[in-house]
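Enquirer: Sequence plus predicted model, see below.
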Amino acid sequence: MASLSSRTRARPDIWPGFVDALASLLMVLIFLLLVFVLAQFFLGEALSGRESALQKLDRDMAEISELLALEKKSSKNLRADVSRLSGELQASVVERDRLNSNLADGRTQISSLSNDVTRLEALKAQLEADIGKLASNLEENETALLAEQEISESARAELALLNQQLGALKDQIAALNNTLDAAEEKAREQGDQIFALGQRLNAALAGKVQELQQYRSEFFGQLKRALGDHPDIRIVGDRFVFQSEVLFASAEAQIGEAGYGQLRQLAVTLKEASARIPEEVDWVLRVDGHSDRVPIKNNRYASNWELSAARAISVVKYLIDEGIPANRLVAAGFGQYQPLDLASGEIANRRNRRIELKLTGR
């Protein structure tokens with residue numbers, strides 16, 4: 001009995017330790033749960049901020065796209081303005097030369113009138129000198145006659161004659177003065193007329209240039225719509241450009257079947273546009289042929305210059321056959337001397353092989 005009681009007291013009591021362990025484990029779990037909740041909270045905040053940043057970036061991209069579109073439109077308008085101003089400048093140079101010629105004629109007339117005025121002034125001075133001499137002679141004669149106190153009939157006649165000559169000379173001087181004044185007035189009037197003519201011509205020139213530019217823009221717009229979005233047909237400055245491959249085979253000036261279709265659309269558009277251009281606008285369509293730098297020499301064309309000119313002439317002949325008046329067409333060959341691309345290689349050569357159309361003044 002005593003032995004059983006002693007063994008019972010010696011057994012360890014493990015329940016309080018177990019409770020402590022569970023409490024510690026529970027606290028660890030609560031701590032981990034708290035950490036997890038905090039992590040989820042901060043992660044949610046970070047994701048929310050990232051979504052806001054992405055939305056802001058989307059808005060910024062939309063604004064940048066709109067600005068880019070506006071910039072492209074502005075660039076297109078600037079290119080159109082540069083093209084228009086280039087055409088106006090060329091027409092202005094031609095009209096300026098004509099005005100210079102008219103002004104040179106006016107200056108020649110003024111110079112002639114100035115010479116006449118100089119001669120009249122010299123004659124006036126000579127007549128005034130003659131009058132002085134006659135007056136001096138008259139005074140001498142009168143003094144001598146008074147001194148002698150005898151005036152004969154012949155002396156009186158001579159005195160009367162001298163007085164008549166003096167009066168006639170005075171009348172001639174008066175007439176010369178009137179002629180001189182009229183010549184000077186005429187010279188001033190002609191100078192004013194030349195100046196006014198120059199102003200009117202400048203105003204008319206500006207109006208015609210602006211009018212022709214309007215019809216050129218309309219013509220190019222109609223032509224672009226008629227030919228469609230073709231990669232080898234484009235507008236460069238104030239010119240409409242066909243790559244040579246669209247119209248011709250390699251080293252040939254005979255228009256191909258595909259080229260006939262494109263030029264037929266060109267002829268139709270040109271006839272529609274020209275019907276709206278007033279008759280007083282003296283316009284022409286200039287067809288320029290250009291080649292690349294690769295030398296050519298065959299039985300038909302001795303140089304690129306001859307090939308480019310032959311291609312331009314072929315286009316002009318076809319347009320005449322389609323009903324375009326010959327006096328409204330000009331053909332020119334530039335060979336390889338007006339390249340669009342200064343680089344070397346097939347891409348540059350292909351860009352430089354082209355036919356250019358320019359609607360301009362005569």
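Expert: Sure, I can see it.

Enquirer: what about the stretch 101-250 of the chain, any weak spots by pLDDT?
Expert: 103, 106, 113, 135, 138-139, 141-156, 158-159, 162, 187, 191-233 (pLDDT under 70).

Enquirer: all helices of it, in order?
Expert: 153-227, 244-247 (DSSP state H, counting those that start in this stretch).

Enquirer: For the shortest one, which outside residues touch it?
Expert: Contacts made with helix 244-247 from outside it, assessed by CB atoms under 8 Å, 6 or more residues apart in numbering, are listed as 230, 232-233, 255-256, 258-259, 262-263, 291, 311, 315, 350, 353-355. Any C-beta I mention is one placed from the backbone N, CA and C, and that applies to glycine too.

Enquirer: what about the residue nearest to residue 315 when sequence neighbours are not counted, which SS state?
Expert: Distance criterion CB to CB, 6 or more residues apart in numbering; nearest residue to residue 315, sequence neighbours excluded, is residue 287 at 4.9 Å. Using DSSP: H, G, I helix; E, B strand; the rest coil, the structure places residue 287 in strand.

Enquirer: pLDDT score for residue 287?
Expert: We have a pLDDT of 96 for residue 287.

Enquirer: That one and residue 328 touch, don't they?
Expert: No - using CB atoms under 8 Å, residue 287 makes no contact with residue 328, being 11.1 Å away.

Enquirer: So the two - more neighbours on which side?
Expert: Set residue 287 next to residue 328 and count neighbours by other CB atoms under 10 Å: residue 287 wins out with 23 against 17.

Enquirer: So the more buried one versus residue 240, what's the distance?
Expert: Distance of residue 287 to residue 240, given as CB to CB, to the nearest Å: 10 Å.

Enquirer: Overlap of the contact sets of these two?
Expert: Residues touching both residue 287 and residue 240 by CB under 8 Å, 6+ apart: 356, 357.

Enquirer: Compute the number of surrounding residues for residue 51.
Expert: The number of residues packed near residue 51 is 10, by other CB under 10 Å.

Enquirer: where's it, which helix or strand?
Expert: helix 15-148 (DSSP states H and E).

Enquirer: ditto for residue 299
Expert: Per DSSP H and E: nothing holds residue 299, as it lies in no helix or strand.

Enquirer: Let me see the contact set for it.
Expert: Per CB under 8 Å, 6+ apart, neighbours of residue 299: none.

Enquirer: again with residue 257
Expert: Going by CB under 8 Å, 6+ apart, residue 257 touches no other residue.

Enquirer: With residue 130 instead?
Expert: Residue 130 touches residue 169, counting by CB under 8 Å, 6+ apart.

Enquirer: Check residue 258 too.
Expert: Taking CB under 8 Å, 6+ apart as the criterion, residue 258 is in contact with 246, 247.
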